[in-house]
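structure of the sequence below:
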Amino acid sequence: MALNRELLDAIVREVPAKFDELFRRLAFPDEIWGACTTYARILAEVLGEFKVKAEVRPVYIETANPVGIEYLAGKISEAEAIGLGGKIQVWGDIKFGQPHQHAVCYIPGWDVIVDLAMTPRLSKRVPCHPYWAEDRKFPWWLVKFDFRTYRLEYRVYETQPETVKKAEEFVRDLVRRYLR
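So this is what the prediction gives:
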């Protein structure tokens, strides 16, 4: 099946807000929540129903604002970066435990990564948002991306089956509009 850019744009545009509404994401801190695994799993399972092979993959990601990117490139010192408001954020670094996991939906046949749970963190200094990326062409603020092999937990997916069903139906309706 050929890459469907319109479908991917619609998924990134519509699904995160609907999922946040359904799961009341704003009421939970990221560490407790696990939105990334839930969102990725629902998307992967529904795409699979439409014969689009997709899988949930654990990842390690670094995001940064422009000053943080300059620091990472070695153009300015750490002190300069801090003084100029530089910020680097890490997603999926589980050396401090499972609550720091991060997952995406990977569509191997299209070489597409869909991250529905990428949102600005507390500092609001790194301009991140849900995205899809083909051939590892990421938004400018995503400076490092690696697939990893750590075990993922699906707490919200497993504890809210009725909400998961509603979320799956929303994605099914969306996908039907683009894949007939």
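
okay, CA-based contacts and neighbour counts for the rest of this
Will do.

would you say residue 150 is within a strand?
No. Assigned with DSSP: H, G, I helix; E, B strand; the rest coil, residue 150 falls outside any strand and is coil.

OK, contacts around it?
Counting by Cα atoms under 8 Å, 6 or more residues apart in numbering, residue 150 makes contact with residue 58.

and the pLDDT for it?
Looking at residue 150, its pLDDT reads 94.

which neighbouring elements make contact with the helix or strand hosting residue 6?
Assigned by DSSP states H and E, residue 6 belongs to helix 5-23. With contacts taken as 3 or more Cα pairs under 8 Å, 6 or more residues apart in numbering; DSSP states H and E, helix 5-23 sits against strand 131-134, helix 161-178.

how far off centre is the first one?
In this case it means strand 131-134. Centroid separation for strand 131-134 versus its chain: 10 Å, with Cα atoms, centre = their mean, to the nearest Å.

mind listing what's buried in the helix or strand just after it?
Elements were assigned by DSSP H and E; along the chain past strand 131-134, the next helix or strand is strand 142-147. Buried residues in strand 142-147, defined by neighbour count with 16 or more other Cα atoms under 10 Å: 142-143.

list the neighbouring strands of strand 142-147 plus their orientation.
Strands adjacent to strand 142-147 in the sheet, as given by DSSP bridges, are strand 55-64 (antiparallel).

mind checking how far the strand it pairs with is from the chain centre?
Distance, stretch centre to chain centre, for strand 55-64: 7 Å (Cα atoms, centre = their mean).

who's in contact with that strand?
With contact meaning Cα under 8 Å, 6+ apart, strand 55-64 is reached by 37, 40-41, 44-45, 86-93, 101-107, 126-128, 141-152.

please pick the buried ones from these.
37, 40-41, 44-45, 86-89, 91-93, 101-107, 126-128, 141-143, 152.

any low-confidence regions in the protein?
Along the chain, segments meeting pLDDT under 70 span 1, 25-33.

gap between the residue nearest in space to the middle of the chain and residue 71?
Nearest to the geometric centre of the chain sits residue 115, at 2.5 Å (Cα atoms, centre = their mean). Between residue 115 and residue 71 the distance is 25 Å, computed by Cα to Cα, to the nearest Å.

hmm, residue 65 is touching residue 141, no?
Yes. Look at residue 65 against residue 141 with Cα atoms under 8 Å: they come within range, at 6.1 Å.

what touches both of these two?
With Cα under 8 Å, 6+ apart, residue 65 and residue 141 have common neighbours 126-127.
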